[in-house]
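> The amino acid sequence is not available; the structure is as follows:
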């Protein structure tokens, strides 16, 4: 009974909370992207990428992005799950799909709230203990930093606090200058440890591949992006291949762009 009352109180509080007119950001985030301080060449290219991928009008309407993500290596499934990025309230939801039990977490990206439970199917659920929930949230956070950046990089280039720099031309397999390399760094503490490079196709103005470097290291990871699909006016790469191993691929499916779904962040009774 006490838990039911607590849940009802949470829902009422959410419904009665003061309205917000802007997206929730990281602490002390600037109000907007600083165009005046951007590299002009990088800005010119990034504007074309953003417009091709859907533009600011469509991205501003995307208060939540949800998708299913399946990683396979040589045909064997390594990870199958779904995620939701509640951009409006700065929350992240994750669920792993497994035959026996499915771990589910939801948490504030910059706050203290988190919830986690195990879904055994047939309407049977088990609340995670504190240690298990913390581990599951940490694992989800590690996925969030990379997965959302690679999926949404055409739009994140203009996030408040982001910095753009033009690195130079990139050759294709024939030696022709067919691409441009943009370096993107973020002030957002979730992404600041990673330096992103978007390799842009000059003809399509889409990101052909993403390369990532951990700050202070030469460690490099990345993906070739393919199969661009449009959802609510926004383009997303529906498949990607690991630059380090062509046998590892990631399929993105069931992409949905919508208003925030508060029910994702309420653990079942």
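Structure received. The structure displayed is predicted, hence computed values, not measured ones.
> For residue 168, see how far away the spatially closest residue to residue 48 that is not a sequence neighbour is.
In this structure, residue 48 finds its nearest non-sequential neighbour in residue 205, 4.4 Å apart by CB to CB, 6 or more residues apart in numbering. No exception for glycine: its C-beta is placed from N, CA and C like everyone else's. According to CB to CB, to the nearest Å, residue 205 stands 17 Å off from residue 168.
> Same question for residue 248.
Taking CB to CB, one finds residue 248 at 28 Å from residue 168.
> Could you do residue 66 as well?
Residue 66 is 36 Å from residue 168, by CB to CB.
> Compare neighbour counts for those two and give me the winner.
Shown here are residue 66 and residue 168; by other CB atoms under 10 Å, residue 66 has more neighbours (17 against 10).
> Assess the claim that residue 260 and residue 90 are in contact.
No. Using CB atoms under 8 Å, residue 260 is not in contact with residue 90, being 10.2 Å away.
> for the protein, longest helix please?
Longest helix in the chain, counting residues (DSSP state H): helix 130-156.
> Downstream of that one, the next helix or strand is which one?
strand 163-171 (DSSP states H and E).
> In terms of pLDDT, where does residue 216 sit?
pLDDT for residue 216: 78.
> next one: the one 4 residues further on
Per-residue confidence at residue 220 stands at 90 (pLDDT).
> Tell me if I'm right that it and residue 213 touch.
Yes. With contact defined as CB under 8 Å, residue 220 counts as touching residue 213 (5.6 Å).
> So for the two, which sits in the more crowded spot?
Set side by side, residue 220 and residue 213 show more neighbours around residue 213, with 17 against 13, by other CB under 10 Å.
> Please tell me how far the more buried one sits from residue 125.
Applying CB to CB to residue 213 and residue 125 gives a distance of 40 Å.
> cool, and residue 56?
For residue 56, the distance to residue 125 - CB to CB - is 40 Å.
> and what of residue 196?
Taking CB to CB, one finds residue 196 at 37 Å from residue 125.
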